[in-house]
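Undergrad: sequence-free structure coming up:
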Ligand code: ADP
Ligand code: MG
């Protein structure tokens, strides 16, 4: 693949990220790779069938549009599931340069933990009965407790240590936090530790696995066996609940949840949002989910990041005794790589790989070079609707209250539409929310504005330029 193509791909990803927002992007697109561009067709690969079908049914047009904005000759997107041997843009990791490497520790530093390849079809319903694979490194021992996760950690410990005869204290335990803040780590720690205690069988399932397990179980008519298997477990742990989609899957999930809770079994759930914000779930499911203990884990503070790094280096040293990271480097990474636990892991993996491959000690200078892109200066800033209104008003020489007013003269209608369009593309706000913030307008009005501007920028170069400039101002 040519450099130009790769650079184009980087821009396409940037566009996609801006359009769908960081969270959606990292959930669905972070592991999408460019394989080839041929005759107007772009071939992209993802690691699981699930991702493939999800992206195909929900984001195919968006992805195509982002490519077409890059290159008008592109007419088609082809999604494939890459097998483990296919090349990927992530450098292949040998076990001996994985931090705290071990047999199960083959996670790529940039992987997001869920959605490893799962085989479907051949093993049919039986597949559904096992849990999702666990990472041997994600235990309580390696979990660092800090201000942002004290409560979640304590609750998790409690659940893992409870005996069969103990009354269930909070059910379900519902932990929510943003990407990379330790949800999966905590859930797998519960699973390891609970199963090691041998008191209760703990089953860890990603929502993806629950969905596929259940769907394939239904298809092969072993739903009964699946339910039977669920009954045999003491603690059901479900990760990334926000990905559980589809009315019938959700209904079945609700059923399972109720059955388990009523039978005094523990349910533990992690999600990227609180129960009340699981928009696609029915009210009664949401209220059941919120009926136990709901705990949020906040972002990792600098101190916690530093401690996590320290612990990681320590763990890595048991496999790579010569690996040493001087304190100033740890401080530097803790200060600059602020995004989340995954990036911290990625940063250390790079230092380790670099020092292993070159045989040179880790220095501040090397660290600065290696982690530069993890600092993400290019990360789009969170843009506020007020800022958009202010900047647009200034650009078009109208007042902010004009934008919010019901006036319909041409000199305010267009700026208002531009501002709504920017609000939709640069923030994660929903159409109704944007409508409210623009003087209490209906969401259909916002949708109309967004479509209108989208339609115009395709033909009107001057407008496209204006909007680019506004975006740049807002994201600086
Ligand atoms: P989430 O599931 O919330 O997206 P993960 O549990 O996958 O996040 O965490 C991302 C990375 O950060 C993992 O490598 C994890 O081990 C690490 N991490 C996050 N929080 C902590 C913590 N408190 N202690 C140690 N490692 C952590
Ligand atoms: Mg996770």
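TA: Looks like it came in fine. Quick caveat, the model's predicted, so the values are computed rather than measured. Ligands and ions are numbered 1, 2, ... in the order given.
Undergrad: model confidence over the strand or helix carrying residue 436, on average?
TA: Assessed by DSSP states H and E, residue 436 sits inside helix 431-437. Mean pLDDT, computed over helix 431-437, is 92.
Undergrad: With stretch 403-415 instead?
TA: pLDDT averaged over stretch 403-415 gives 93.
Undergrad: Buried ones in that stretch, by neighbour count?
TA: Buried residues in stretch 403-415, defined by neighbour count with 16 or more other CB atoms under 10 Å: 403-404, 412, 414-415. In short, each C-beta sits where N, CA and C put it, glycine included.
Undergrad: Stretch 385-395 too?
TA: 385, 387-389, 391-393, 395.
Undergrad: From start to finish, how long is stretch 17-31 in a straight line?
TA: 13 Å (CA to CA, to the nearest Å).
Undergrad: still on that earlier bit, show me which of the buried residues of stretch 385-395 neighbour ligand 1.
TA: Among the buried residues of stretch 385-395, no residue sits close to ligand 1 (CB under 6 Å from any ligand atom).
Undergrad: Checking the residue in the stretch 251-400 of the chain positioned nearest to ligand 2 next. Helix, strand or coil?
TA: With CB to the ion, the shortest gap between the stretch 251-400 of the chain and ligand 2 falls at residue 270, namely 6.7 Å. Of the three states, residue 270 takes strand under DSSP: H, G, I helix; E, B strand; the rest coil.
Undergrad: beta partners of it?
TA: With DSSP bridges applied, residue 270 shows beta-bridge pairing to residue 175.
Undergrad: picking that back up, filter the buried residues of stretch 385-395 down to the ones in strands?
TA: In strands, judged by DSSP state E, none of the buried residues of stretch 385-395 are found.
Undergrad: Show me what the helix or strand where residue 267 lies is packed up against.
TA: Assigned by DSSP H and E, residue 267 belongs to strand 266-271. Applying 3 or more CB pairs under 8 Å, 6 or more residues apart in numbering; DSSP states H and E, one finds that strand 266-271 contacts helix 150-161, strand 173-176, helix 183-197, strand 235-239, helix 247-262.
Undergrad: packing partners for the second one?
TA: If I follow you right, that is strand 173-176. Short answer (3+ CB pairs under 8 Å, 6+ apart): strand 173-176 packs on helix 150-161, helix 183-197, strand 266-271, strand 293-296.
Undergrad: Closest residue of the chain to ligand 1?
TA: Ligand 1 sits closest to residue 341 of the chain, with a gap of 2.0 Å, by CB to the nearest ligand atom.
Undergrad: what sits up against stretch 12-22?
TA: If you take CB atoms under 8 Å, 6 or more residues apart in numbering as the criterion, stretch 12-22 is touched by 25, 28-29, 59, 62-63, 66-67, 69-70, 179, 378-380, 425-426, 428.
Undergrad: Show me how to select, in PyMOL, the buried members of those.
TA: Command for PyMOL that selects the buried part of those, burial taken from 16+ other CB under 10 Å:
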select buried, resi 25+28+29+59+62+63+66+67+70+179+425+426
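Undergrad: Also within reach of ligand 1: list those from the contacts of stretch 12-22.
TA: Answer for the contacts of stretch 12-22 near ligand 1 (CB under 6 Å from any ligand atom): residue 179.
Undergrad: So which of the contacts of stretch 12-22 are in helices?
TA: Members of the contacts of stretch 12-22 lying in helices (criterion: DSSP state H): 59, 62-63, 66-67, 69-70, 425-426.
Undergrad: Show me which of these is closest to ligand 2.
TA: residue 59 (20.2 Å).
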